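S.K.: With the input below, show me the fold.
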Amino acid sequence: MIKDRDVGESAYLPPEHVDSCPLCSHSTAREIATYAYYTGEGSLSVTLVRCRQCGLLFLSRGPTADSLRGHMERASYTNQEKSSSSLIARRQLFEGILKLANQWKPEKGRCLDVGCGHGDLLSLAREQGWDVYGTEILERLCHQVQARGIACVCNASLEGLPQQSFDCLTFIDSLYYMPEPLGELRHAYRLLRDGGIVILRVTNRAAWATILAPVRHVFPSPFRRIVGDALVHFSPITTRAILLQAGFSRVQLLPDPRRRNSWPPSLTLIAYGLGRITWHITNGRILISPGLVAIARRDG
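M.R.: Predicted coordinates for the structure are as follows:
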C-alpha cells in the first residue's frame, strides 16, 4: 500500500470532512483538487482526495446515484452514434478481453457483464460460445441489449443474484463509476463458481491526476480529460489490492489492448504504444498505459 510520508498532518483533511476510503475504509485523506462535476441536475463541486492509508484516489462527497444516472443519460459514451475510430477501439478492447477470458477459461460457460452498455461485448462473447447475461443502470440501454436477444436486468444489484451461478464476470469501464467498488467485487466473488474469473478494465490515470492537479488552472483541459467523470481512480497497486481484498487470487495486470482511440492518432500512438513497450521490456513490472486490464480467479 502507498502512504503519503512526505507531507505533514496539516495536509490531510479531518475525518469529518471526507468520506471513508472505498478500498480500506480509512477516514483520513489528502486533498488533491476541487472541481466541478457536471450531472444531470447541473454542476456539483467535488473534491478529489488520496487515501492516506492505501493511496486510492476517489471523490469525496461525490454525486448521488440519481445525479450520476442523469449524467450518464447525457454522456456521449452512452450514445450509440460513435465515430468509426471509437468503434474500432472498442472492438479491439472487447476482442482483447475475450482472448484473455478464453485463455483463462477455455471451457467457457456463463458470463455476466456488469454495466454492459449497448451489449457489444456480450454479443461478441456469444459468437465465441459463451452463455451471456448483462446488467445495466440505464433502462434505455438495457432494453437495447434485450432487443439483441441477450438477457439483461435493468438497474440490478449483484447482491440479489444467485450465488455461484457464473463462470466469468466482467466490469469494463464500469467499476470506477461505483461508489463502493470493493463491495461490488465481493458480490462478484460470491456469484462466481469455483475456478471462475473476473476481468476489469479501468483507467490508469491516478498518477497523472496527482501530477496535473497543482497546475490544473493553467492547463485545465488535460486535467479534466484525465479525471473525466470517474468516482474512483485506480492505479496498478490499488487495482491489485482491491481484487485481493475481495477474495480473488492469481491477479494479473496487463496494458489496455487497444491500438486506436478517440484521441488524436499521435497521442494514441505515444500513450498506448509506450505503455505496451514499457510493460514488455520490464516484464510486467511497470504499467503506464492510460488504461489497464486485470484478471483474477476465484479458487475452489
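S.K.: Flag every buried residue along stretch 244-257.
M.R.: Along stretch 244-257, these residues count as buried under the neighbour rule (16 or more other CB atoms under 10 Å): Ala246, Phe248, Val251, Leu253, Leu254, Pro255, Asp256, Pro257. Any C-beta I mention is one placed from the backbone N, CA and C, and that applies to glycine too.
S.K.: In the stretch 151-300 of the chain, where is pLDDT below threshold?
M.R.: 258-273, 275-276, 279-280, 284 (pLDDT under 70).
S.K.: ok, now with 90
M.R.: Where the stretch 151-300 of the chain drops to pLDDT under 90, the residues are 155-157, 159-160, 205, 207-208, 210-212, 216-217, 219-226, 228, 255-291, 300.
S.K.: Let me see the ranges of the helices in it.
M.R.: 181-191, 206-212, 220-227, 236-245, 265-268, 274-281 (DSSP state H, counting those that start in this stretch).
S.K.: Let's have the ones you listed in a markdown table, adding distance to Cys168.
M.R.: Output for the helices of the stretch 151-300 of the chain, formatted as a markdown table (distance: least, CB to CB, whole Å):
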| stretch | distance to Cys168 |
| --- | --- |
| helix 181-191 | 10 |
| helix 206-212 | 27 |
| helix 220-227 | 30 |
| helix 236-245 | 15 |
| helix 265-268 | 29 |
| helix 274-281 | 23 |
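S.K.: following the longest helix along the chain, which helix or strand comes up?
M.R.: If you go by DSSP state H, the chain has its longest helix at helix 84-104. For helix 84-104, the following helix or strand on the C-terminal side (DSSP states H and E) is strand 110-114.
S.K.: got the angle for that next one vs helix 84-104?
M.R.: 140 degrees (axes from the mean of the first three to the mean of the last three CA atoms, to 10 degrees).
S.K.: Surely Asp120 touches Ile88?
M.R.: No - between Asp120 and Ile88 there is no contact under CB atoms under 8 Å: 12.0 Å.
S.K.: More neighbours: which of the two?
M.R.: Asp120 (18 against 15; other CB atoms under 10 Å).
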